[in-house]
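1. Here's my sequence, what's the structure:
(chains A and B)
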Amino acid sequence: MTVAGHAPETARTRRAVPQLGLLVGGLALLAAVAVLSIGIGARSVPPAEVVRALVDFQGTDDHVIVRDVRAPRALLAVAVGAALAVAGALIQTLARNPLAEPGILGVTAGAGFAITVGSALGLAAGQAGELGFAVIGSVLAALLVAAVGRRSPLRLVLTGVALTAVLGGVGLGLRLMLPDVFDMYRFWSVGSLAAREQAPLELPLAAIGVSLLGALLLSRALNALTLGESVAHTLGAGVVRVRAATLALITVLSGAATAIAGPILFVGLIVPHLARRPAGGSVPWLILYTMVLGPVLLLVADIGSRVLLPTGEVPVAVVTAFLGGPMLIWAVRRYGAGAL
Amino acid sequence: MNHYLMNTEFPMSLRRSFGLVAAVALALALTGCGSSSSDSGDDTSKKDDKKSETRVFAADNGKITIPADPQRVVATGYAVPVMIEADAPLVGISSWQRGEPMMNKEDLATYKKLPKIAGEQAAETNYEAVAEADPDLIVIGVPAPVLGDIDVKRLESIAPVVAIGPTVPSAWRELAQKQADAAGSLKQFDAVQKDYEAKAEKLAKKYKDALSPYKVGHVGSYGDVAKGTFQREFSGSWGTNIAEDIGAKYYGKVKESGPGSRSVSEYPSIEELPDSLGEADVITYSVKADGSVPESVKYVMDSKLWKNLPAVKAGKTFPIRYTEAATYGQAMQTLDAIDTSFAPLLDQ
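-> Okay, here's the model as predicted:
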């Protein structure tokens, strides 16, 4: 018994070492990309001033740019990237569908529709107004999808797709009839991290932080769920509770991320694919890896959005689309869809 | 007359005869009896001759033969407020909501009453409505690149078409004059222009000493918050050209000049705010017609970099309303707004 018990434990320990090494490597990469993100911008700030701005703030223009413009933007990229990537990993695990992404549950469409209605009523003016309507819209859409889809992952996805189509159609109709609303919506509809530093983001950032922690705590139970409902029951996992909690986390993570930055596609789809193979079928490792790789991808895309064009910035969602498409094709061809 | 109409006992043939007699009598009365009729006939033919006279007009779309004295004009885009202000004989206009806040009560009533033959966009031109208006001249006031959205050939099958669109923002003076000239309405136009120039001259004298020592910079309202940029306007731009008429000296120029307004305004990142406006002694910024600060300008003013600017620290920042003025009448309102806004400079 003792000998038999030792063998798998040693194997698990051996496997955990490279997984831990990969995680540490990922964190180092994240730190490097974050520093690069703070150092690069439209105005040239010497590296020494960048460091001084963070450790000895003097209030000069360079310091203000680093601390009040670039650092909050990098922080947002980390939070939004982690939220979208983890939400993608959760929805793909829950729906057992490698093509599922956070928007599939109607959250993005709900946020966009709410902003359209808010703009038509003249209430969604300014960043705070947009943020408020995006949060309300995503939460209401998620509640509706959860109420109709209930326990079945397939019904949830179908309801989300149907709601997305309906809200998209009605919203488009409103925008075509009201050109001013269209004007406001088009700025929001292309996700961007620029100029978000002035918006009141404490609540969505706190919601993302708590939800990421919740996803980590839930990951062991989700691991059991991937083995099938009956096995999960046998292992003592409350299937209904785990599903409800996962759905709640997906809603909060993707809703908060969309409210902060607007719709950013591909991060929630591609990052779980990149992380699945090194995670080796373990949901906790998958969550940890996506939590690190999501921010890395979004920070790289955000740096790209600032330097790609000499004439100015392109929204980060455009860059993630350019990066995400080929990366997804490469990942699927190289590794296959991976086990879910 | 009423008696005849009411007498239903008359046979049909008799009623027709009475009608014929009445019509002849009315025609005689209107034309005047006897020898004077021929004189009047000459007047009418002279008038008709004048109406049928043409001239060649140089427009964006080439040299166009247009009526010398147009009687039924259709105007679109920037030509709409100009034509209304110049009392042109309009029979149809495009929608021009952006200009509504700058129209006076009378012009706004005219604008609302006139049939709309196009929406806000050039692509929304209703060709059947244009044909129904039966114009003898069509004046298109859209920028040259937008002209491609309009089926000019189709419009030319209805009436002569002259395209006179905006180029650089400050050129509204010449464009408006050209548009009014095409419609044969220069008299009223010249009167308003004279009023404007007199007012601008008076204000230039008033602010001569107060403005002369300062380098001025302007923040426009077309920045794109989603991209983290702001609009920096230089001399000859929308936000600056009227203030320049009273002596404000806007410094600097665009880094890379482009066509149209791109030659006098640019869209730098918010990070470049200190470099862009750091040398300004005075900063002006565009606000909406109701005085509220647009989102794109608010984004700049809420930035800590704005608060670090010397002009902001010195309290020398001034809002300007009606920066989109494109007629002399509208520009008079802009002058009033600038006068109100710059007043504190007189005390410094």
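
2. Every contact and neighbour count from this point should use C-alpha atoms.
-> Fine.

3. There's contact between residue B:114 and residue B:92 in this structure, I believe.
-> Yes. With contact taken as Cα atoms under 8 Å, residue B:114 and residue B:92 are classed as touching, separated by 5.9 Å.

4. Looking at those two, which one has more neighbours?
-> Per other Cα atoms under 10 Å in any protein chain shown, whichever of residue B:114 and residue B:92 has more neighbours is residue B:92, with 26 against 15.

5. Quick check: bridge partners of the more buried one?
-> Assessed by DSSP bridges, residue B:92 has beta-bridge partners residue B:74.

6. who in the stretch 1-150 of chain A is up against chain B?
-> The stretch 1-150 of chain A comes close to chain B at residues A:41, A:42, A:43, A:61, A:64, A:65, A:68, A:69, A:126, as judged by Cα under 8 Å from any Cα of the partner chain.

7. just the buried members of those residues?
-> Buried subset of the residues of the stretch 1-150 of chain A next to chain B (neighbour count, 16 or more other Cα atoms under 10 Å in any protein chain shown): A:41, A:43, A:61, A:64, A:65, A:68, A:69, A:126.

8. Which residue ranges of chain B form strands?
-> Ranges of strands in chain B, per DSSP state E, are B:54-59, B:62-67, B:73-77, B:90-94, B:116-118, B:137-141, B:161-163, B:216-220, B:231-233, B:265-266, B:282-286, B:317-320.

9. outside of the last one, which residues touch it?
-> Contacts with strand B:317-320, where a contact means Cα atoms under 8 Å, 6 or more residues apart in numbering or on different chains, come from B:239, B:282-287, B:311, B:334, B:337-338, B:341-342.

10. picking up where we left off before, can you put the strands of chain B in CSV and add mean pLDDT?
-> CSV is the format used below for the strands of chain B (pLDDT from 0 to 100):
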stretch, mean pLDDT
strand B:54-59, 93
strand B:62-67, 94
strand B:73-77, 95
strand B:90-94, 96
strand B:116-118, 94
strand B:137-141, 95
strand B:161-163, 95
strand B:216-220, 97
strand B:231-233, 97
strand B:265-266, 94
strand B:282-286, 98
strand B:317-320, 97
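
11. could those strands go into a markdown table alongside distance to residue B:295?
-> Formatted as a markdown table, the strands of chain B follow (distance: least, Cα to Cα, whole Å):
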| stretch | distance to residue B:295 |
| --- | --- |
| strand B:54-59 | 37 |
| strand B:62-67 | 40 |
| strand B:73-77 | 25 |
| strand B:90-94 | 28 |
| strand B:116-118 | 29 |
| strand B:137-141 | 28 |
| strand B:161-163 | 33 |
| strand B:216-220 | 11 |
| strand B:231-233 | 12 |
| strand B:265-266 | 17 |
| strand B:282-286 | 11 |
| strand B:317-320 | 14 |
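
12. closest to residue A:122 out of those strands?
-> Closest approach to residue A:122 among these (Cα to Cα): strand B:282-286, 21.2 Å.

13. And the closest residue to chain A within the stretch 1-150 of chain B, how far from residue B:78?
-> Closest to chain A within the stretch 1-150 of chain B is residue B:120: 9.4 Å, counting by Cα to the nearest Cα. According to Cα to Cα, to the nearest Å, residue B:120 stands 11 Å off from residue B:78.

14. Tell me which of those two has more neighbours.
-> residue B:78 (25 against 15).

15. beta partners of the closest residue to that one other than its chain neighbours?
-> In this structure, residue B:78 finds its nearest non-sequential neighbour in residue B:141, 4.7 Å apart by Cα to Cα, 6 or more residues apart in numbering or on different chains. Applying DSSP bridges to residue B:141 yields these beta-bridge partners: residue B:77.

16. Wait, residue B:141 touches residue B:82, no?
-> No. With contact defined as Cα under 8 Å, residue B:141 does not count as touching residue B:82 (9.7 Å).

17. Point out where the chain drops to low pLDDT.
-> Picking chain A for this. A:1-17, A:125-127, A:151, A:237, A:311, A:331, A:334-340 (pLDDT under 70).

18. hmm, I had chain B in mind actually
-> For chain B, the stretches with pLDDT under 70 are B:1-51.
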